[in-house]
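Trainee: For reference, the sequence and a predicted model appear below.
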Amino acid sequence: MERFRLTSVSGYCDSCLGRIFSGVSTGLTNRQRGQILRKGLEILLREDLSFRGTCTICGGLMDDIDRYSEMILEKLEGYQFSTFKIGSTFWEELLKHEKNIHTTLGVESETLKKEFNREVGKVVSLSRNATFEPSSPEMDVLVDTRYDSVSIRPKSVYVYGVYRKRVRGIPQTRWIHDPGNGETVESIIGEPLRNMLDGRKYYLHGAGREDVDVRMLGNGREFVIEISEPKRRDVDLKLLRTEVNRSGKVWIAKLRSCDRDTVVRVKNSRHDKRYRVVVASESNIDRKRFQEAMDSIIAKDIYQRTPLRVSHRRADLIRVRHIRDPKILSLKGKRARIELTAEAGTYIKELISGDSGRTKPSLTSEYGDNLRVSSLDVIWIYR
């Protein structure tokens with residue numbers, strides 16, 4: 001204790017002195033505990049042990065709590081949140097020095113980082129009427145004491161729903177997640193929600209996707225729309241649905257707030273789908289042969305190699321798929337209108353055309369003449 005008293009006490013601020021002995025008593029802040037310890041040692045040793053200069057543990061950071069709190073509150077201005085977390089970064093030498101002191105004295109004590117985060121968090125909590133939440137906060141605050149800076153990261157807002165794409169010619173998502181790249185399902189839903197929440201960017205996470213020339217009808221496709229860095233968090237779901245459905249191109253329903261876990265569930269879901277297809281031929285279609293071809297493909301494993309049209313962006317694999325319940329709705333001249341149900345992940349256009357032999361068997365190979373998809377709609381998802 002003599003060595004500790006002479007070389008250390010006057011060099012420690014009240015907070016750091018009290019933190020060394022944080023396990024001794026409860027009901028006090030470390031600053032209060034340090035003040036009591038310093039006064040007690042002065043009475044016991046009859047020596048002035050007043051803190052002088054800059055604290056050799058925290059480097060003055062614990063006396064800078066109010067300034068850092070003000071920096072944080074300034075960054076948070078204009079943001080809506082009810083839960084938050086404070087994180088901090090320090091020079092490694094500071095943390096090692098503190099650990100060495102605790103080890104030398106043989107004490108298990110609270111760390112500088114933990115106390116700093118807690119004391120700053122108290123100010124934020126009182127000023128913004130928000131609750132500290134370490135696991136999944138709506139606002140993540142990071143204080144970098146090394147460079148005297150504060151950064152914030154608002155948690156994204158997620159909205160679940162189902163959409164129908166009622167027109168052709170609209171892709172599901174943008175290539176680059178910035179405005180001005182053409183109308184998409186993503187932008188039709190994301191733009192009004194981003195404006196509503198004053199967010200930075202938006203991302204559509206879909207349960208699969210349909211081609212740009214394919215309509216998504218029936219009971220709709222599941223999706224989650226994510227708004228990053230929102231300043232507001234209260235979502236008017238009724239207003240969002242009204243604004244999107246007013247477009248006449250995309251229709252949404254079953255909206256509800258959700259979280260990141262829902263994104264994972266939606267993106268990993270696999271469901272069989274019912275399709276309506278207009279099949280075109282180079283010559284008049286023979287009904288008997290066409291029906292026999294349809295009956296044939298439902299009885300076989302369909303081997304589909306990654307189609308040529310997407311081979312530049314997807315792994316070159318061979319997948320086994322199955323077809324069921326084919327039905328001819330109408331047949332006249334060079335066109336047939338059919339419905340069929342396909343296993344999740346089936347390439348319908350290639351199922352019809354054969355894709356130069358990459359899909360075996362195909363309706364083309366079973367029929368004996370070249371067939372292609374003239375138009376395609378998803379009319380039901382079995383989930």
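Mentor: Cool, the structure landed.
Trainee: quick one: average pLDDT of stretch 19-31?
Mentor: The average pLDDT within stretch 19-31 is 82.
Trainee: Sorry, wrong one. I was asking about stretch 308-319.
Mentor: Mean pLDDT, stretch 308-319: 86.
Trainee: cool, and stretch 259-268?
Mentor: Stretch 259-268 comes out at a mean pLDDT of 96.
Trainee: Any buried residues in that stretch, and which?
Mentor: Thr262, Val263, Val266 (16 or more other CB atoms under 10 Å). C-beta here means a position set from N, CA and C on the backbone, and glycine is covered the same way.
Trainee: And for stretch 362-379?
Mentor: Quick answer for stretch 362-379 (16+ other CB under 10 Å): Ser362, Leu363, Thr364, Ser365, Glu366, Tyr367, Leu371, Val373, Leu376, Asp377, Val378.
Trainee: Just the C-alphas of that stretch, formatted as CSV.
Mentor: Extracted C-alpha coordinates of stretch 362-379, given in CSV (Å, rounded to 0.1, in the frame of the first residue of the first chain):
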residue,chain,number,x,y,z
SER,A,362,-38.0,-30.2,-72.2
LEU,A,363,-41.4,-29.6,-73.7
THR,A,364,-39.6,-28.9,-77.0
SER,A,365,-37.7,-32.2,-76.9
GLU,A,366,-40.8,-34.2,-76.0
TYR,A,367,-43.0,-32.5,-78.6
GLY,A,368,-40.5,-32.7,-81.4
ASP,A,369,-40.6,-29.1,-82.7
ASN,A,370,-39.2,-25.9,-81.3
LEU,A,371,-41.4,-24.2,-78.7
ARG,A,372,-40.8,-21.0,-76.8
VAL,A,373,-42.5,-18.9,-74.1
SER,A,374,-44.4,-16.0,-75.5
SER,A,375,-45.6,-14.8,-72.1
LEU,A,376,-45.3,-16.0,-68.5
ASP,A,377,-47.1,-15.3,-65.2
VAL,A,378,-46.7,-16.6,-61.7
ILE,A,379,-50.3,-17.2,-60.6
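Trainee: what's next to that stretch, contact-wise?
Mentor: 168, 210-211, 213-218, 221, 273-283, 289-290, 292-294, 296-297, 302, 335, 339, 348-355 (CB atoms under 8 Å, 6 or more residues apart in numbering).
Trainee: Pull the distance from it to the chain's centre.
Mentor: Remark: stretch 362-379 is offset 38 Å from the chain centroid, using CA atoms, centre = their mean, to the nearest Å.
Trainee: swap in stretch 117-137?
Mentor: Distance of stretch 117-137 from its chain centroid, counting by CA atoms, centre = their mean, is 23 Å.
Trainee: Pull up the distance across that stretch, start to finish.
Mentor: 15 Å (CA to CA, to the nearest Å).
Trainee: Need the mean per-residue confidence for it.
Mentor: For stretch 117-137, the per-residue pLDDT averages 95.
Trainee: Which residues belonging to that stretch are considered buried?
Mentor: Asn117, Glu119, Val120, Gly121, Val123, Val124, Arg128, Ala130, Pro137.
Trainee: isn't the fifth one right next to Met71, touching?
Mentor: So that's Val123. No: Val123 lies out of contact with Met71 (CB atoms under 8 Å); the separation is 10.8 Å.
Trainee: Out of the buried residues of stretch 259-268, the closest to Tyr79 would be?
Mentor: Val263 (22.4 Å; CB to CB).
Trainee: Compute the distance between that closest one and Lys360, please.
Mentor: 35 Å (CB to CB, to the nearest Å).
Trainee: wait, what's in contact with the nearest residue to Glu133 once chain neighbours are set aside?
Mentor: Spatial nearest neighbour of Glu133, excluding adjacent residues (CB to CB, 6 or more residues apart in numbering): Thr83 at 3.7 Å. By CB under 8 Å, 6+ apart, the contact list for Thr83 reads Ala130, Thr131, Phe132, Glu133, Ser136, Pro137, Glu138, Met139.
Trainee: Leu255 versus the second one, what's the distance?
Mentor: Using CB to CB, one obtains 26 Å as the distance from Thr131 to Leu255.
Trainee: same deal with the fourth one?
Mentor: Separation of Glu133 from Leu255 (CB to CB) stands at 25 Å.
Trainee: same check, this time on the last one
Mentor: Distance, Met139 to Leu255, by CB to CB: 24 Å.
Trainee: Same check on Ser353?
Mentor: 37 Å.
Trainee: Same question for Met196.
Mentor: On the measure of CB to CB, Met196 and Leu255 end up 12 Å apart.
Trainee: any common contacting residues for those two?
Mentor: Leu240.
Trainee: Can you verify my assumption that Ile72 contacts Ser149?
Mentor: No: the criterion here is CB under 8 Å, and Ile72 misses it with Ser149 at 10.8 Å.
Trainee: Pick out whichever of those two has more residues nearby.
Mentor: Taking other CB atoms under 10 Å, Ile72 and Ser149 do not tie; Ile72 has more neighbours (24 against 12).
Trainee: helices or strands up against the host helix or strand of that one?
Mentor: Using DSSP states H and E, Ile72 sits within helix 65-76. Applying 3 or more CB pairs under 8 Å, 6 or more residues apart in numbering; DSSP states H and E, we find helix 65-76 packed against helix 112-128, strand 139-144, strand 149-154.
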